[in-house]
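A.B. asks: pasting the structure only:
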């Protein structure tokens, strides 16, 4: 019991001290607040005394109003300075954006010009390609893709109203134009294959100058001529090529197979080559030969040299072209390409 009473007294003392401390704290706070209110409620008199003998202006106020006025003035001044700097920065940004806009517009105009030039070039390409395909007998529909089929007319790539209103879709137009040009690759490839086949065909048809490097000249043409020895009119069945000397190389005018290498009293040493399509060529009055019967020869391959064998008046090459049993003018086949 004694111990319990002791704890109760101790508890009361602690509570009493705590309450006393709170009273002192709040009393101190109250005094501080009272002093602050008293300070801000203090009266002040502001006087403006001119140097001249004019009237003196005085304004009565309290500390609170003065401090509040200073804070408001500082806030207004700070806001003015801040927004003025912000406005100056915005002006510079607007000026920069205007310059960029002018550059963008100039680039856009240049891009439009390039698009127009590309369009004109594509139109010319379309016209030329169509004519070429027609001449070659190629079906133009097979070379056109679905994407290009919808806009095969290149004039639809640009809308005049869009250009006027500034809503030109350059990127989309270029993609469409690119798709059209890509669709033209297939017929161009077909043309290339056809030309390749024609190149092989040309290689099988006698169409080159029979003297290597195209040297010499035609000394007697095909047809009716005066025989250089008998001085009588006769039909000259070939072309005579002269270089005024012996030993210049003679070449095959087309791919083929050698069927004759022989000596004849009239033609002298001569070579006959069989080509495709029933075509034969004869090379006469040779000085030497570099092929034998049965050899396969390629166009422009050397088969012998110019000579003076057989009935001649000087070194030359007598060249004939036969189609079946008919003798034709070789001049019609030389340099066909």
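C.D. replies: Sure, I can see it. What you see is a predicted model; the values in this text were computed from it and never measured.

A.B. asks: I'd guessed residue 242 sits against residue 318; true?
C.D. replies: No: applying C-beta atoms under 8 Å as the test, residue 242 and residue 318 come out as separate, 10.3 Å apart. Using the backbone N, CA and C atoms, a C-beta is placed for each residue, glycine as well.

A.B. asks: neighbour count winner among these two?
C.D. replies: Neighbours per residue (other C-beta atoms under 10 Å) separate residue 242 from residue 318, with residue 318 holding more: 25 against 17.

A.B. asks: what helix or strand is the more buried one on?
C.D. replies: Assigned by DSSP states H and E, residue 318 falls within strand 317-323.

A.B. asks: so what does the helix or strand just after that strand touch, helix or strand wise?
C.D. replies: Tracing the chain C-terminally past strand 317-323 and defining elements by DSSP H and E, one meets strand 326-328 next. If contacts are counted by 3 or more C-beta pairs under 8 Å, 6 or more residues apart in numbering; DSSP states H and E, strand 326-328 sits against strand 317-323.

A.B. asks: Could you list every helix and strand that the strand it packs on packs against?
C.D. replies: Against strand 317-323 (3+ C-beta pairs under 8 Å, 6+ apart) you get strand 239-242, strand 279-289, strand 326-328.

A.B. asks: With respect to residue 217, which of these lies nearest?
C.D. replies: strand 239-242 (6.2 Å; C-beta to C-beta).

A.B. asks: Mind listing the strands that closest one pairs with, and their directions?
C.D. replies: strand 217-220 (antiparallel), strand 317-323 (antiparallel) (DSSP bridges).

A.B. asks: Quick one: mean pLDDT over the helix or strand just after it.
C.D. replies: The helix or strand immediately downstream of strand 239-242 is strand 249-251, counting by DSSP H and E. What strand 249-251 shows for mean pLDDT is 97.

A.B. asks: which residues touch strand 249-251?
C.D. replies: Residues from elsewhere that reach strand 249-251, judged by C-beta atoms under 8 Å, 6 or more residues apart in numbering: 208, 210-212, 283, 286, 299-306, 317.

A.B. asks: Can you turn the buried part of the residues you listed into a ChimeraX selection?
C.D. replies: Selection of buried members from the contacts of strand 249-251 for ChimeraX, criterion 16 or more other C-beta atoms under 10 Å:
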select :208,210,211,212,283,286,299,300,301,303,304,305,306,317
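
A.B. asks: before we move on, the earlier item: nearest to residue 11, of the strands paired with strand 239-242?
C.D. replies: strand 317-323 (141.2 Å).

A.B. asks: Next, the buried residues of that closest one.
C.D. replies: Buried, per 16+ other C-beta under 10 Å, within strand 317-323: 317-322.

A.B. asks: want to try JSON lines for the strands paired with strand 239-242, with mean pLDDT as columns?
C.D. replies: Shown next, in JSON lines, are the strands paired with strand 239-242 (pLDDT from 0 to 100):
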{"stretch": "strand 217-220", "mean pLDDT": "94"}
{"stretch": "strand 317-323", "mean pLDDT": "96"}
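
A.B. asks: Adding distance to residue 264, write the ones you listed out as a markdown table.
C.D. replies: Listed next are these as a markdown table, based on distance: least, C-beta to C-beta, whole Å:
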| stretch | distance to residue 264 |
| --- | --- |
| strand 217-220 | 18 |
| strand 317-323 | 11 |
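
A.B. asks: Those: which one's closest to residue 9?
C.D. replies: Nearest to residue 9, of the strands paired with strand 239-242 and by C-beta to C-beta, is strand 317-323 at 148.0 Å.

A.B. asks: can you pull the contacts of residue 259?
C.D. replies: Counted by C-beta under 8 Å, 6+ apart, residue 259 has contacts 272-274, 280, 293.

A.B. asks: Could you do residue 297 as well?
C.D. replies: Contacts of residue 297 by C-beta under 8 Å, 6+ apart are 252, 255-258, 273, 291, 303.
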